[in-house]
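Trainee: predicted model, plus sequence, below.
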Amino acid sequence: MRAFVGVPLEDAAIEGLVPVQEALRQGRLVDEENLHLTLAFLDDQPEDVLAELDAALDEIRVPRWDMEFTGVEAKGGRRPALVWADVAKVQPLRQLHDKVRGAARLSGIDLPRERFRPHVTLARFGRSRPADMGRLTAFLSEFGGFRAGPFPVERFCLYASTLTPEGPVYDVLAEYPL
């Protein structure tokens, strides 16, 4: 099963991001109900491994915190693949990220080493739908300094991700309170 661990957004945070998405007006916008902050992408995993991970994630304890959006960026250079809202990298978020990755490794999931850039993906661009760079540059000029929050974070989740032609469908497999 394709899965990931992430922080769901509360309604107020989603409401803060929707006007930014609407102003972008290009790419494949992430559906409101799919907006989240990914802590670890797990790729395809057997159900027994996810069950072991679930038990490990249930043991994680970190304090609650407030999420703040600190800008908007495009990732991918001259052919952007994503537009995202940056999230402030506060200590409880760093701790949660590290503990989630540790739990995944202990459950037998091999995660690639990568720098943690906390963000919420707003839109994706594909090869058949590349970004209009003029419009994207104007958008980033206007929204690059976007700020919103604070928004309380009180939980994180283990998600299943099913790819469909219309876009991914995320289902919460388990929730973990902070």
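Mentor: That came in fine, so what should we check first?

Trainee: pull the residues that contact the lowest-mean-pLDDT helix or strand in the chain.
Mentor: When the helices and strands of the chain are scored by mean pLDDT, DSSP states H and E, strand 28-29 comes last with a mean of 91. Strand 28-29 has contacts (C-beta atoms under 8 Å, 6 or more residues apart in numbering) with Gln21, Leu122, Ala123, Arg124, Phe125, Gly126, Arg129, Gly167. In this view, the C-beta of every residue, glycine as well, is placed from N, C-alpha and C.

Trainee: count the neighbours of Gly71 for me.
Mentor: Gly71 has 16 neighbours, counted by other C-beta atoms under 10 Å.

Trainee: before we move on, the earlier item: could you list which of the contacts of strand 28-29 belong to strands?
Mentor: Counting by DSSP state E, those place Leu122, Ala123, Arg124 in strands.

Trainee: for the chain, what spans make up the helices?
Mentor: Using DSSP state H, the helices of the chain run over residues 11-24, 47-57, 91-106, 133-143.

Trainee: surely Leu140 is in contact with Gly71?
Mentor: No - with contact defined as C-beta atoms under 8 Å, Leu140 does not count as touching Gly71 (9.4 Å).

Trainee: near the residue lying closest to Gly126 once chain neighbours are set aside, how many other residues are there?
Mentor: Of all residues not flanking Gly126 in the chain, Arg28 sits nearest, at 7.1 Å (C-beta to C-beta, 6 or more residues apart in numbering). Residues near Arg28, counting by other C-beta under 10 Å, number 12.

Trainee: repeat for Glu154
Mentor: 12.

Trainee: show the contacting residues for it.
Mentor: Glu154 neighbours (C-beta under 8 Å, 6+ apart): Arg64, Pro177, Leu178.

Trainee: tell me how far it lies from Val90.
Mentor: Computed as C-beta to C-beta, to the nearest Å, the Glu154 to Val90 distance reads 15 Å.

Trainee: ok so, going back, JSON lines for the helices of the chain, including distance to Pro150, mean pLDDT and mean neighbour count?
Mentor: Shown next, in JSON lines, are these (distance: least, C-beta to C-beta, whole Å; pLDDT from 0 to 100; neighbours: other C-beta atoms under 10 Å):
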{"stretch": "helix 11-24", "distance to Pro150": "9", "mean pLDDT": "96", "mean neighbour count": "16"}
{"stretch": "helix 47-57", "distance to Pro150": "24", "mean pLDDT": "97", "mean neighbour count": "16"}
{"stretch": "helix 91-106", "distance to Pro150": "12", "mean pLDDT": "97", "mean neighbour count": "18"}
{"stretch": "helix 133-143", "distance to Pro150": "19", "mean pLDDT": "94", "mean neighbour count": "14"}
